[in-house]
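Colleague: return atomic coordinates for the entry below.
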Amino acid sequence: MRMAPKKELNGERVKIYAHRGASFDFAEQSFQSFKAAIAQGADGLECDVRLTADHQIVCWHDRDTLRLSDSREQISRMTLEDFKKIKINDRTRSDQGKKGDPISFEELAILASSHGVELLVETKHPVLSGGDIEREISLLIKKYEIKIHLLSFSFTAIKRAEKLMPELEHIQLIQHAPLIPLAHGSILGIDIELIRRDQNLISSLKKRGKEIFVWTVNDPEEIKFCAREGVKGIITDTPSQAKQLLGYP
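Modeller: Next up, the predicted model:
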């Protein structure tokens, strides 16, 4: 990405969110990855969530366990007890694999609450359980003092979250530019690829009153560009690098 002319950072500090934890160095969505992100000083943790067969919320991106383990089982057909027995083997960026332990959403909520960090929680759709995941999240978070944003590519899921959790801010994820005008909310999560194609996108959306989160931003120049453009949050696999680049303690 060839960057636009440099301009100074604005006065507001951009928040740094750890994408599936500190997932560059640790197994994604593992207890170890989220714990490391907190140690690296991330403002918040981003996670994907799904429901197990016994209606428990777990932190997992895919429908099944194949990519991150040595077996293939559907998350929706597993109990929480079975899920917790998974041994994560994340081969991303490592032939040997990065090992880790799976974590339930309640465990992550406790971890985030005890360390005072935010959560970005992405619900996956379409799923057979429909809107149950948003309903279960709305019930669980009442137990903890924690700030969360619910994220989804599903417009229906965001509207559902706004009704169930009106006190919270929710983020409509956008991966394709034609969908931007259809997003009714004031907060958008934008794929960095869209910004690579149009470096004026952030400023034009801000002029329309939108707050912007960008994912997944790992390139140093792109991290600095997003910060200069005044995005609300940067979602990255490398929270420690992002903080260092932006001069944050």
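Colleague: ok, S113 to K232 distance?
Modeller: Computed as CB to CB, to the nearest Å, the S113 to K232 distance reads 22 Å. All C-beta atoms are positioned from the backbone trio N, CA, C, and that covers glycine.
Colleague: ok, now V58?
Modeller: V58 is 27 Å from K232, where distance means CB to CB.
Colleague: give me the more crowded residue out of those two.
Modeller: Neighbour count, other CB atoms under 10 Å: between V58 and K232, V58 has more, with 24 against 20.
Colleague: checking the more buried one next. Helix, strand or coil?
Modeller: At V58, secondary structure determined by DSSP: H, G, I helix; E, B strand; the rest coil is strand.
Colleague: list the contacts for it?
Modeller: 49-52, 75, 80, 83, 102-105 (CB atoms under 8 Å, 6 or more residues apart in numbering).
Colleague: in strands only, show me those.
Modeller: The members of those that map onto strands under DSSP state E are 49-51.
Colleague: list the residues that contact T156.
Modeller: By CB under 8 Å, 6+ apart, the contact list for T156 reads 125, 131.
Colleague: buried sites along the helix or strand it falls within?
Modeller: Element membership of T156 [criterion: DSSP states H and E] is helix 155-164. When neighbours are counted by 16 or more other CB atoms under 10 Å, the buried residues of helix 155-164 are found to be 155, 157-162, 164.
Colleague: repeat that for stretch 82-91.
Modeller: Buried residues in stretch 82-91, counting neighbours by 16+ other CB under 10 Å, are found at 83-84, 86-90.
Colleague: for the most centrally placed residue in the chain, list each beta-bridge partner.
Modeller: Relative to the mean C-alpha position of the chain, the nearest C-alpha, by CA atoms, centre = their mean, is the one of E46, at 3.0 Å. Residues found in beta-bridge contact with E46 (criterion: DSSP bridges) are H19, L120.
Colleague: quick one, what contacts it?
Modeller: If you count contacts by CB under 8 Å, 6+ apart, then E46 has 17-20, 119-122, 151, 215, 235 around it.
Colleague: I'd like the next helix or strand past the strand or helix carrying F225.
Modeller: Taking DSSP H and E as the criterion, F225 maps to helix 220-228. Per DSSP H and E, helix 220-228 leads on to strand 233-236 as the next helix or strand towards the C-terminus.
Colleague: walk me through which strands that following strand pairs with, and which way each runs.
Modeller: Using DSSP bridges, the strands paired with strand 233-236 are strand 15-19 (parallel), strand 211-215 (parallel).
Colleague: to D70, which of those strands lies closest?
Modeller: strand 15-19 (23.9 Å; CB to CB).
Colleague: closest to L128 among the contacts of E46?
Modeller: Out of those, the member with the shortest distance to L128 (by CB to CB) is E122, at 17.9 Å.
Colleague: and the strands in this structure?
Modeller: Listed in chain order (using DSSP E), the strands of the chain are 15-19, 44-51, 57-59, 88-90, 98-100, 118-123, 148-152, 169-174, 187-191, 211-215, 233-236.
Colleague: so of the ones you listed, which one's packed in deepest?
Modeller: Of all those, strand 233-236 has the most neighbours on average by mean count of other CB atoms under 10 Å, namely a mean of 28.
Colleague: any chance of JSON lines for the buried residues of helix 155-164, columns pLDDT and distance to F225?
Modeller: Listed next are those as JSON lines, based on pLDDT from 0 to 100; distance: CB to CB, whole Å:
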{"residue": "F155", "pLDDT": "98", "distance to F225": "28"}
{"residue": "A157", "pLDDT": "98", "distance to F225": "30"}
{"residue": "I158", "pLDDT": "98", "distance to F225": "27"}
{"residue": "K159", "pLDDT": "97", "distance to F225": "32"}
{"residue": "R160", "pLDDT": "97", "distance to F225": "34"}
{"residue": "A161", "pLDDT": "97", "distance to F225": "30"}
{"residue": "E162", "pLDDT": "97", "distance to F225": "30"}
{"residue": "L164", "pLDDT": "97", "distance to F225": "35"}
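Colleague: great, nothing more from me.
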